[in-house]
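Asks: Requesting a structural model of the entry that follows:
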Amino acid sequence: MKLFSLLIALLTLLPYSTAVFAVDHPVSQGSVSAEESVFQGIVSPEDSVRHQSMSDIRTGRYSAIAVRVAEALLNSKESSKQELNLQALSAFPGDSGTEAWITVLKKSESFILKQKAIEVLGGANDRRAVVVIAGELNSRFRSVRYAAARALSSGRDDRVYPFVLGLAEDKSPVKRIYALEALNELYDDRFYPVLNALLNDSNKSVRIYSAECVRKNNVENAFPVLRKMASSDPDKEARSAAINTLGTLRDSGALYVLLNCLDEADRDVRYAAAEALYSLSSSGSLSRVTNRLVKEDDSEIRYILLGIILKIGRPGFNSGVYHVLKNDPEFRLRERAAYIAGEVSEARGVYHLRDALKDRDYRVRAEAAHSLGRFSRSEAAVSALLEALRDDSVRYVRSSALFALMDIDNKKTIPGIFEVYRTEKDPVFRMVLAEALASLLKKHI
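Replies: Okay, here's the model as predicted:
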């Protein structure tokens, strides 16, 4: 009788215990475990079941199924289920999903999944993942290699060194370039012997990538090697890469090398040297630069050389500027030379600018007139500007001459301007002349 009463009591309690269990895991009734119900619920067709599984995963109590979720992600052929498993895997909190993401990184053939795994593992800063991520420095996917290097850059873990060294010593130049890609993000002084060896590599592409690595990490110890590469590397692209890095990092010790490169037969080497010298902006380069400007047959290089002279802006080194102003076949370079002559404002520049007022292109004449306005004490400048104001056939040039005379701001210019005003037939320009005269008269009379 007592046994029968006990059985009845147990049967009475059973529904309540089942109900309590069902509140937490509604799909885990019968013989299915809680973990299994959460796992199955990830890809359930019912929204409420999927949401419940995601909520359960976020509690951190179901880390045991994380690797299973990773395997399901890797093995699924349906994109919808892949997405659901990826969302679930991303929901595991803290380091509870580390082993699962390591599984994805090791086994996946998708560069998208590999990048995602590296992003998560790198952000978690978990030492368990370092070696696995370092292995991806050798990935066939460039985006994966880059992601791996970026993820490893914050930790500076010594275990990464053998991976980079192995790539740097590989027989394949492609692998050695992989090493340089890694060094772009991971370089520190420990790696200098590796970088130095790659700067002297037999493959030109490796040397070029090495020069870029020096630039990105500002490795001053490598400057002597780069100077040698700039002056004597057998490949012109490697020379240009070395020159670009020396210029970008403003290695003043490379000035002599760069000036010699400016006289090279190869156009690309000269162009790189000109850009590097522009970056250096050393007054010690002016003499060679202005001499090269007279001989240079490439218009783009001449433009850069003019920029060097303008940037430094010292009188006494402008013969090349005047040569371009008078002889260059391209109006834009003659126009730039006219502007520079005004900015430098050395006395002899007046006569070159006066001659430029007869240039065949109105834009050069206008710039020459504007620059003559910088010579406020020169009677020759005033005379040339009054002549241009009176005789030039283009209103744009005449306007430039008038405004230059206004900049000079000398009352001696008033009679000359008035004479032009008196005989002017263009009603618009006559009005401009009247306003200029009114301003000068107000100031000086």
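
Asks: quick one, what contacts the residue lying closest to residue 287 once chain neighbours are set aside?
Replies: Distance criterion CB to CB, 6 or more residues apart in numbering; nearest residue to residue 287, sequence neighbours excluded, is residue 317 at 6.2 Å. Every C-beta, even on glycine, is put in place using the N, C-alpha and C of the backbone. Residues near residue 317 by CB atoms under 8 Å, 6 or more residues apart in numbering: 286, 287, 289, 290, 309.

Asks: Give the helix, strand or coil label for the fourth one.
Replies: Spelled out, it's residue 290. helix (DSSP: H, G, I helix; E, B strand; the rest coil).

Asks: pLDDT at it, what is it?
Replies: pLDDT for residue 290: 95.

Asks: Just name the closest of the contacts of residue 317 to residue 36, please.
Replies: Of all the contacts of residue 317, residue 289 has the smallest distance to residue 36: 77.8 Å, by CB to CB.

Asks: Am I right that residue 276 is in contact with residue 241?
Replies: No - taking contacts as CB atoms under 8 Å, residue 276 lies outside contact range of residue 241: 11.3 Å.

Asks: which other residues reach stretch 94-105?
Replies: Contacts for stretch 94-105 (CB under 8 Å, 6+ apart): 60, 63, 66-67, 69-71, 73-74, 89-90, 92, 113-114, 116-118, 120-121, 124, 126, 128-129, 132-133, 136.

Asks: Distance of residue 388 relative to residue 56?
Replies: Going from residue 388 to residue 56 by CB to CB, to the nearest Å gives 86 Å.

Asks: again with residue 389
Replies: Distance of residue 389 to residue 56, given as CB to CB: 87 Å.

Asks: of those two, who's got more company?
Replies: For residue 389 and residue 56, the more surrounded residue by other CB atoms under 10 Å is residue 389, and the numbers stand at 27 against 23.

Asks: host element of that one?
Replies: Using DSSP states H and E, the element containing residue 389 is helix 379-391.

Asks: Which of the three states applies to residue 322?
Replies: Applying three-state DSSP: residue 322 is helix.

Asks: Wait, it touches residue 352, no?
Replies: Yes - assessed by CB under 8 Å, residue 322 is found in contact with residue 352 at 4.5 Å.

Asks: shared neighbours, these two?
Replies: Here residue 322 and residue 352 have residue 341 as joint contacts, going by CB under 8 Å, 6+ apart.

Asks: Walking through the stretch 251-400 of the chain, point out its helices one by one.
Replies: Assigned by DSSP state H, counting those that start in this stretch, the helices in the stretch 251-400 of the chain fall at 255-261, 267-280, 286-295, 299-312, 319-327, 331-344, 349-356, 362-372, 379-391, 395-408.

Asks: what does the last one contact?
Replies: The reference is to helix 395-408. Contacts for helix 395-408 (CB under 8 Å, 6+ apart): 362-363, 365-367, 369-376, 381-382, 385-386, 388-389, 392, 413, 417, 426, 428-429, 432-433, 436, 439-440.

Asks: Would you mind checking the residues you listed for buried ones?
Replies: Buried subset of those (neighbour count, 16 or more other CB atoms under 10 Å): 362-363, 365-367, 369-375, 381-382, 385-386, 388-389, 392, 413, 417, 429, 432-433, 436, 440.

Asks: Please compute how far stretch 262-281 lies from its chain's middle.
Replies: Distance of stretch 262-281 from the chain centroid (CA atoms, centre = their mean, to the nearest Å) equals 21 Å.

Asks: list the buried ones in that stretch?
Replies: For stretch 262-281, by 16+ other CB under 10 Å, it's 262, 264, 269-280.

Asks: next one: stretch 400-417
Replies: Burial within stretch 400-417, assessed by neighbour count using 16+ other CB under 10 Å, is assigned to 400, 401, 402, 403, 404, 405, 406, 408, 413, 414, 416, 417.

Asks: And for stretch 298-313?
Replies: 301, 302, 303, 304, 305, 306, 307, 308, 309, 310, 312.

Asks: One more: stretch 291-298?
Replies: Quick answer for stretch 291-298 (16+ other CB under 10 Å): 291, 292, 293, 296.

Asks: go on, stretch 176-195?
Replies: Residues of stretch 176-195 classed as buried by neighbour count (16+ other CB under 10 Å): 176-187, 191, 194-195.

Asks: before we move on, the earlier item: out of the helices of the stretch 251-400 of the chain, which is closest to residue 249?
Replies: Nearest of the helices of the stretch 251-400 of the chain to residue 249, taken as CB to CB: helix 267-280 at 8.6 Å.

Asks: ok, back up a step: filter the contacts of residue 317 down to the buried ones.
Replies: Buried, going by 16+ other CB under 10 Å: 286, 289, 290, 309, out of the contacts of residue 317.

Asks: Could I get these in CSV, plus columns for distance to residue 201?
Replies: What follows is these, written out as CSV (distance: CB to CB, whole Å):
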residue, distance to residue 201
286, 36
289, 33
290, 38
309, 38
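
Asks: which one of those sits closest to residue 170?
Replies: For these, the nearest to residue 170 is residue 289 (43.1 Å; CB to CB).

Asks: Spell out which helix or strand contains the residue nearest the centre of the chain, please.
Replies: Against the mean C-alpha coordinate of the chain, by CA atoms, centre = their mean, the closest residue is residue 216 at 10.6 Å. Assessed by DSSP H and E, residue 216 sits inside helix 204-217.

Asks: Just give me how far that helix sits from the chain centre.
Replies: 16 Å.

Asks: Run through this structure and note the low-pLDDT ranges.
Replies: Counting by pLDDT under 70, the ranges of the chain that qualify are 1-32.

Asks: Surely residue 258 and residue 230 touch.
Replies: Yes - counting by CB under 8 Å, residue 258 does reach residue 230; the two are 7.3 Å apart.

Asks: coming back round to it: what helices and strands are in contact with the helix holding residue 389?
Replies: When contacts are defined as 3 or more CB pairs under 8 Å, 6 or more residues apart in numbering; DSSP states H and E, helix 379-391 packs onto helix 349-356, helix 362-372, helix 395-408, helix 414-423.

Asks: Using CSV, please lay out these together with distance to residue 50.
Replies: Converted to CSV, the helices and strands packed on helix 379-391 look like this (distance: least, CB to CB, whole Å):
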stretch, distance to residue 50
helix 349-356, 78
helix 362-372, 70
helix 395-408, 72
helix 414-423, 85
